[in-house]
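Novice: Sharing a sequence plus its predicted fold:
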Amino acid sequence: MSRGILFVLSGPSGVGKGTVCAALRRKLPQLIYSVSATTRSPREGEQDGVNYFFRSREQFHHMIETDALLEHAEYVGNYYGTPRDFVEKTLSEGKDIILEIEVQGALKVREKFSGGVFIFLMPPSLNELKQRIVGRGTESQATIDNRLSVAVEEMNLLHHYDYAVVNDEIDQACDRISSIITAEHCKRERFLGELFPQLEAVNAADNV
Ligand SMILES: Nc1ncnc2c1ncn2[C@@H]1O[C@H](COP(=O)(O)OP(=O)(O)OP(=O)(O)O)[C@@H](O)[C@H]1O
Ligand SMILES: Nc1nc2c(ncn2[C@@H]2O[C@H](COP(=O)(O)O)[C@@H](O)[C@H]2O)c(=O)[nH]1
């Protein structure tokens with residue numbers, strides 16, 4: 001069985017990663033979502049094990065020390081990290097997985113998974129980004145200011161990614177990412193065919 005593909009969706013806070021990812025999961029239910037661990041407090045309506053694994057700083061440090069995280073990063077005063085075992089297990093079962101993570105973490109994953117596909121979600125404008133993060137109403141003014149200043153630094157790292165997708169309309173952004181996923185599957189199938197020409201002969205025989 002071939003391994004699944006690791007997709008990483010990244011981009012500045014408030015750009016709409018969570019919203020687009022939720023739409024993508026409805027469109028592609030076979031795409032597995034990696035639930036991260038964080039030391040941040042839950043927002044209203046967020047559930048442990050669904051949105052995040054909410055952990056104390058001590059618990060998070062224990063995960064780092066026991067190598068339980070594929071990557072982790074400190075972001076605007078809190079820690080966030082990707083549980084390693086779930087990602088490895090999903091890929092080894094031949095299933096695709098998507099990580100929705102910030103830029104420092106994405107670049108660490110890139111070092112470990114050269115075959116991963118890295119997608120950067122862009123806002124239509126900086127002003128729209130600000131409107132979205134303010135409009136969400138989940139952060140204090142100080143946190144919004146911090147997140148917006150980090151956003152500018154993050155957007156300067158766009159060139160490390162394979163794809164940039166503008167999140168102007170949710171459905172369109174979701175369709176663009178879905179097309180990227182399809183294209184990445186096609187690329188790998190063609191690559192396999194090039195490596196093992198006998199596979200093409202088998203496929204051709206099957207189609208007779
Ligand atoms: N295409 C869009 N057009 C208008 N509003 C949007 C769009 N996409 C997302 N939003 C809104 O922008 C706000 C931020 O979206 P979301 O929480 O998904 O961002 P995020 O990138 O996951 O943020 P964070 O990194 O801080 O978790 C939400 O209120 C969401 O409804
Ligand atoms: N490096 C990682 N970043 C992560 C992970 N899970 C989420 N995130 C990113 O953190 C920020 C802030 O998230 P919020 O829920 O507090 O708004 C955002 O960019 C997330 O994508 C992770 O496991 N590793």
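Specialist: Ah, there it is. Numbers count the residues shown, from 1 in each chain. Ligands and ions are numbered 1, 2, ... in the order given.
Novice: any low-confidence regions in this structure?
Specialist: 190-208 (pLDDT under 70).
Novice: Which positions in it make contact with ligand 1?
Specialist: 13-19, 132, 135-136, 167, 169-170 (CB under 6 Å from any ligand atom). Quick note: C-beta positions are derived from backbone N, CA and C, even for glycine.
Novice: Show me where this structure has its strands.
Specialist: In the chain, the segments counted as strands under DSSP state E are 6-10, 32-33, 37-38, 53-54, 69-75, 78-83, 97-100, 117-122, 163-166.
Novice: Pairing partners for the third one, with directions?
Specialist: It refers to strand 37-38. Based on DSSP bridges, the pairing partners of strand 37-38 within the sheet are strand 53-54 (parallel), strand 78-83 (antiparallel).
Novice: distance between that strand and the chain's centre?
Specialist: 14 Å (CA atoms, centre = their mean, to the nearest Å).
Novice: Contacts for that strand next, please.
Specialist: The contact list for strand 37-38 (CB atoms under 8 Å, 6 or more residues apart in numbering) reads 52-55, 60, 63, 69, 78-83.
Novice: repeat for the last one
Specialist: The contact list for strand 163-166 (CB under 8 Å, 6+ apart) reads 117-124, 158, 173, 176-177, 180.
Novice: Give me the buried subset of those residues.
Specialist: Buried members of the contacts of strand 163-166, counted by 16 or more other CB atoms under 10 Å: 117, 118, 119, 120, 121, 122, 123, 173, 176, 177, 180.
Novice: and the residue in the chain positioned nearest to ligand 2, what does it touch?
Specialist: Going by CB to the nearest ligand atom, ligand 2 is nearest to residue 105 of the chain, at 2.2 Å. Residue 105 sits next to 10, 71, 72, 73, 80, 81, 82, 99 when contact means CB under 8 Å, 6+ apart.
Novice: in terms of contact, does the third one touch residue 78 like I think?
Specialist: No: applying CB atoms under 8 Å as the test, residue 72 and residue 78 come out as separate, 10.8 Å apart.
Novice: still on that earlier bit, dump the strands of the chain to a markdown table, plus distance to residue 184.
Specialist: Putting those into a markdown table (distance: least, CB to CB, whole Å) gives the following:
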| stretch | distance to residue 184 |
| --- | --- |
| strand 6-10 | 8 |
| strand 32-33 | 15 |
| strand 37-38 | 27 |
| strand 53-54 | 28 |
| strand 69-75 | 20 |
| strand 78-83 | 20 |
| strand 97-100 | 12 |
| strand 117-122 | 5 |
| strand 163-166 | 10 |
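Novice: and the ones you listed, which is most packed in?
Specialist: Comparing the strands of the chain by mean neighbour count (mean count of other CB atoms under 10 Å), strand 6-10 ranks first with a mean of 24.
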